[in-house]
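Undergrad: structure for the following, please:
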Amino acid sequence: MALHFHNADHAFRCPQRRKIRAWIEEFARTHGKRIGEISIVFCSDAYLLEVNKTHLNHDYYTDIITFDYCEAGELNADLMLSIDRIKENAKTHNQLFFNELIRVIIHGHLHLVGYKDKSEKEQVAMRNQEDAWITTFHQSAS
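TA: You can find the predicted model right below:
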C-alpha cells in the first residue's frame with residue numbers, strides 16, 4: 001500500500017496519518033479493492049482554484065478534486081484538498097475541523113469506487129456513506 005501525504009503550497013501537517021492509512025485500507029478491502037498509489041495533497045484555496053480552472057475548466061472554489069487513475073481492482077489517485085475550504089466548511093456546518101477533513105478524504109475515495117454526487121439522490125447516498133465511514137474511523141483502534 002502506498003498512501004502518501006504531501007503539501008503543495010500549504011504547511012498543514014495531517015494528524016493521525018497512520019490511523020487514516022489503516023482506515024483507507026479497510027475501506028478498500030470492504031469494496032473489494034487494494035491500494036495502489038494514492039497521494040493526498042494539501043493546498044490552499046488559491047492553489048486548488050487554479051487546478052480547478054486549468055484541469056476541469058471550473059471557476060469556483062472546492063474542498064477536493066479527485067484525479068482518478070484506478071485500474072481493475074486497484075485504487076490509484078491524486079486527491080487534492082483545500083485546507084482553507086475544509087476549515088471554512090467545518091465552521092459553516094458546525095463541525096470539528098478533523099471530522100470535516102476525514103469527511104473530505106473519504107469523499108474522494110468514495111468517488112474512486114463509483115459513488116457520484118451530481119443529483120440530490122446521489123448526494124444523499126454519498127453523505128450517508130461519509131457519515132458511516134467517519135463513524136468507522138472513530139470506532140477503530142488508534
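Undergrad: helix/strand/coil for the residue nearest the centre of the chain?
TA: Per CA atoms, centre = their mean, the C-alpha nearest to the average position across the chain is that of Ile105, at 2.2 Å. What DSSP: H, G, I helix; E, B strand; the rest coil gives for Ile105 is helix.
Undergrad: I'd like the distance between it and Trp133.
TA: Distance from Ile105 to Trp133, counting by CB to CB, to the nearest Å: 9 Å. To be clear about C-beta, it is placed using only N, CA and C from the backbone, and glycine gets the same treatment.
Undergrad: was I right to think Asn52 contacts Ile64?
TA: No. Taking CB atoms under 8 Å as the definition, Asn52 is not a contact partner of Ile64, at 10.4 Å.
Undergrad: list the buried ones in the longest helix along the chain?
TA: Taking DSSP state H as the criterion, the chain has its longest helix at helix 120-139. For helix 120-139, burial by neighbour count (16 or more other CB atoms under 10 Å) applies to Met126, Gln129, Glu130, Trp133, Ile134, Phe137.
Undergrad: separation between the first one and Lys118?
TA: So the one you mean is Met126. 10 Å.
Undergrad: look at His10 and report its pLDDT.
TA: Looking at His10, its pLDDT stands at 89.
Undergrad: next, count neighbours for it.
TA: His10 has 17 neighbours, counted by other CB atoms under 10 Å.
Undergrad: measure it to Ala90 for me?
TA: Taking CB to CB, one finds His10 at 16 Å from Ala90.
Undergrad: what of Ala2?
TA: 28 Å.
Undergrad: so those two - more neighbours on which side?
TA: More crowded of Ala2 and Ala90, by other CB under 10 Å: Ala90, with 19 against 10.
Undergrad: a helix runs through that one, doesn't it?
TA: Yes. The assignment for Ala90 (three-state DSSP) places it in a helix.
Undergrad: residues contacting it?
TA: Going by CB atoms under 8 Å, 6 or more residues apart in numbering, Ala90 touches Leu96, Phe97, Asn99, Glu100.
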